[in-house]
Structure formats: structure tokens, C-alpha cells
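Visitor: Need a 3D model of the following:
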Amino acid sequence: MKKILNCDLHDYLEIACLFKFTVELTVDNNERYIGIPISTRVHSDSAEYLDFTLDKSTKKISIPLLSLQRMTALSYNPHFSSVLFKAIA
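Guide: Residues are numbered from 1 along each chain as shown. All right, here's what the predicted structure looks like:
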């Protein structure tokens, strides 16, 4: 069975996309991205991705959801300040 992101964690991504919050994402290789989540999607390989616009540009990237370690809100919001997807090494 293919691994997918836990539903409650997926909800935080959906909220960030819906309200266009500026966030900082930390991924498995400890790279950090600042920008705005656009949407989540399933690729033809059945992996889930987050489409993301990098801050201060129109460049869009796709990040595998299972590579996410943390999402930190840089825009004030009542929904979350930081979401831990998995332990950071």
C-alpha cells in the first residue's frame, strides 16, 4: 500500500492554500522554502504533492507531501502557527 499523508496534517495544508497564508516549509533535506501554498494534487505516480509559489517570485515548485517536516505560518492566523509533519533530524 502506498503511504499517504495523515488526514489531519493534510487539513493544515488545505487551510494554508485556501487562505493563501505565507509559510515556511522545511523538507527532508533540511531545505527551507518561503512562499504561498497553492493546492495539493496527486501525480500520475500516485504520490501527493503541494504546489507552492516561492516568495517574491512567480516561480512555482511541487513538493512531495511525504518530504515535509514542518510548516510554519509567517502570516498571522487563528488556525496554526507551526505544524510538525515528522521529527526533524
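
Visitor: buried set for the strand ranked longest in the chain?
Guide: In the chain, with assignment by DSSP state E, the single longest strand is strand 32-42. Judged by neighbour count using 16 or more other C-beta atoms under 10 Å, the buried positions of strand 32-42 are 33, 35, 36, 37, 40. Every residue, glycine included, has its C-beta placed from N, CA and C.

Visitor: and stretch 66-84, which residues are buried?
Guide: 66, 67, 68, 69, 70, 71, 72, 73, 83.

Visitor: got any ranges where this structure has weak pLDDT?
Guide: 1-2, 87-89 (pLDDT under 70).

Visitor: all helices for this protein, in order.
Guide: Secondary structure of the chain (DSSP state H): helices at 7-19.

Visitor: TSV for the buried residues of strand 32-42, including distance to residue 27?
Guide: Compiled in TSV, the buried residues of strand 32-42 are given as follows (distance: C-beta to C-beta, whole Å):
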residue	distance to residue 27
33	7
35	13
36	16
37	13
40	15
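
Visitor: quick check, nearest of the buried residues of stretch 66-84 to residue 9?
Guide: Nearest to residue 9 among those, counting by C-beta to C-beta, is residue 83 at 6.6 Å.

Visitor: any idea how far that closest one lies from residue 43?
Guide: 22 Å (C-beta to C-beta, to the nearest Å).

Visitor: now residue 19
Guide: For residue 19 relative to residue 43 (C-beta to C-beta), the value is 24 Å.

Visitor: which of these two has more neighbours?
Guide: residue 19 (13 against 10; other C-beta atoms under 10 Å).

Visitor: Looks like the more buried one contacts residue 77 (just checking).
Guide: Yes. Counting by C-beta atoms under 8 Å, residue 77 is a contact partner of residue 19 at 6.5 Å.
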